[in-house]
Structures are given as structure tokens and as C-alpha cells.
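Student: coordinates only, sequence not included:
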């Protein structure tokens, strides 16, 4: 397979994974906060949509269950936005630690 074709396949696969992770994160956040899912964007600040530190732990446990992954709790200290969570979960997928 030519390298360009392989690269294109990876880009499409990655975009699909990224979209799936984002949709899962939005669903979990909406269910846990009552915030309408259409209001939750990548740049949404967690505190602005009603997610404090305790609720973020609950949401991460739910994401672990839905995505069948383990999220190291000590790694969430730098997460401030929905996009931060999505990128972090994507990095777990790229590292091959998810079972989606």
C-alpha cells in the first residue's frame, strides 16, 4: 500500500475516533450536569457547565466504563475544558490503551 494511502486511512480513522470520543464525553457531561448536549463545545470550561472537582471524578469514572479504559486520576489535574478531556482520551487511544 502506498504511504499516502496509508496516511489517509489513518487520518480518517483518527477523525472517527476523535468524533466518537467527543460525542461520548458530551453525552456523559450532559447526563451528569443537566446541561443540554448542544451547549457543550470543545472550548467549554468545565466550571462554566457545572463541573466541579468532585463531579469531574464521577464523570471520569463514567467515561472509563463507557470507553472501557483506565484513566489515571492523577493525570486530570491540568484538565480545564472539554477539549482537554477529549485530547487526553485521544492520547490514550493513540497509545493503544483503550478497548473501544
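Tutor: That came through fine. As the structure is a prediction and not an experimental result, all values here were calculated from the model.
Student: so residue 76: helix, strand or coil?
Tutor: In three-state terms, and counting by DSSP: H, G, I helix; E, B strand; the rest coil, residue 76 is helix.
Student: how close does it get to residue 64?
Tutor: 12 Å (Cβ to Cβ, to the nearest Å). The C-beta positions use only the backbone N, C-alpha and C, and glycine is treated the same way.
Student: how about the residue nearest to residue 63 when sequence neighbours are not counted, what does it touch?
Tutor: If the residues on either side of it in the chain are set aside, residue 63 comes closest to residue 28, at 5.7 Å by Cβ to Cβ, 6 or more residues apart in numbering. The neighbours of residue 28, taking Cβ atoms under 8 Å, 6 or more residues apart in numbering as the test, are 59, 62-63, 66.
Student: just to be sure, residue 28 is in a helix?
Tutor: Yes - according to three-state DSSP, residue 28 belongs to a helix.
Student: would you mind pulling up the elements that the helix or strand containing residue 65 packs against?
Tutor: Element membership for residue 65 (DSSP states H and E) is helix 53-67. With contacts defined as 3 or more Cβ pairs under 8 Å, 6 or more residues apart in numbering; DSSP states H and E, helix 53-67 has these neighbours: helix 3-33, helix 82-94.
Student: let's see that with 6 Å instead.
Tutor: helix 3-33 (3 or more Cβ pairs under 6 Å, 6 or more residues apart in numbering; DSSP states H and E).
Student: the helix it packs on - what's its average pLDDT?
Tutor: For helix 3-33, the mean per-residue pLDDT is 72.
Student: noted, bye for now.
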